[in-house]
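Engineer: Need coordinates for the following:
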Amino acid sequence: MANTIFDFIGDTAGEWKVTSMTTLKGNPVTPVSHLKKVPGNLVQSETGIWTLKGIVSNLRYTEKEDKDKLVAVQEDLGRPQATLAAFIPIRKSEAWWNLAQDERRKIMENKSQHTHTGMKYLPAIARKLFHSRDIGEPFDFLTWFEYAPADADAFEELLVSLRKTEEWTYVDREIDIRLKKI
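Structural biologist: As a prediction, the model looks like this:
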């Protein structure tokens with residue numbers, strides 16, 4: 001079985017060069033020049049200037065029909081042409097977590113159309129979501145995107161679309177870290 005726990009290590013060396021770090025909401029993280037993503041475990045982490053840990057989990061708000069559509073068109077990470085990436089740690093407010101799961105799903109899918117929006121950009125933009133809230137990390141989600149330079153404008157369009165939704169009004173901490181494969 002493939003590893004489901006990963007450490008994201010910000011440091012002075014790594015497989016991805018940081019091209020920009022922008023704090024959109026909340027407290028920043030310490031600036032770094034490189035990032036690496038490595039298989040981890042819950043007991044110990046590799047060290048660097050900072051380390052964030054995330055777990056690949058089930059799709060919590062996606063219904064079967066949407067999941068089947070995603071699986072049919074979504075590409076895996078690590079494609080040779082995908083030399084650009086974005087690492088975006090996000091934390092949602094207590095108001096979000098105080099909603100019942102069905103209320104959160106209605107906001108994500110019915111109102112904000114999170115999955116539908118993302119599917120418009122597949123297969124060009126590959127994405128993997130790592131959950132962190134349940135393991136006591138400072139962010140709830142760590143989102144990793146990979147794409148080719150030719151798809152950089154489409155990626156920006158995707159972020160603009162997602163960030164203007166009702167769902168994003170519940171985000172209280174967000175760091176946008178852009179990367180280039182070394």
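Engineer: Go through the longest helix seen in the chain and flag the buried ones.
Structural biologist: Counting by DSSP state H, the longest helix found in the chain is helix 152-163. Of all the residues in helix 152-163, those buried under the rule 16 or more other Cβ atoms under 10 Å are 155, 158, 161, 162. In short, each C-beta sits where N, CA and C put it, glycine included.
Engineer: Identify, from those, the entry nearest to residue 170.
Structural biologist: Using Cβ to Cβ, residue 162 comes nearest to residue 170 of the buried residues of helix 152-163, at 12.4 Å.
Engineer: Spatially nearest residue to that closest one (excluding sequence neighbours)?
Structural biologist: residue 117 (6.1 Å; Cβ to Cβ, 6 or more residues apart in numbering).
Engineer: Pretty sure residue 23 sits against residue 90.
Structural biologist: No: if you go by Cβ atoms under 8 Å, residue 23 and residue 90 don't touch, sitting 11.9 Å apart.
Engineer: Which residue of these two possesses the greater neighbour count?
Structural biologist: Taking neighbours as other Cβ atoms under 10 Å, residue 23 and residue 90 compare with residue 90 leading, 22 against 13.
Engineer: On the three-state scheme, the more buried one is what?
Structural biologist: Using DSSP: H, G, I helix; E, B strand; the rest coil, the structure places residue 90 in strand.
Engineer: Could you check the pLDDT of it?
Structural biologist: Note for residue 90: predicted pLDDT of 98.
Engineer: beta partners of it?
Structural biologist: Under DSSP bridges, the beta-bridge partners of residue 90 are residue 141, residue 174.
Engineer: who touches it in this structure?
Structural biologist: Contacts for residue 90 (Cβ atoms under 8 Å, 6 or more residues apart in numbering) come out as 139, 140, 141, 142, 143, 171, 173, 174.
Engineer: at 6 Å instead, please
Structural biologist: Contact analysis of residue 90 by Cβ atoms under 6 Å, 6 or more residues apart in numbering lists 141, 171, 174.
Engineer: ok, the last one touching residue 27?
Structural biologist: No: between residue 174 and residue 27 there is no contact under Cβ atoms under 6 Å: 10.7 Å.
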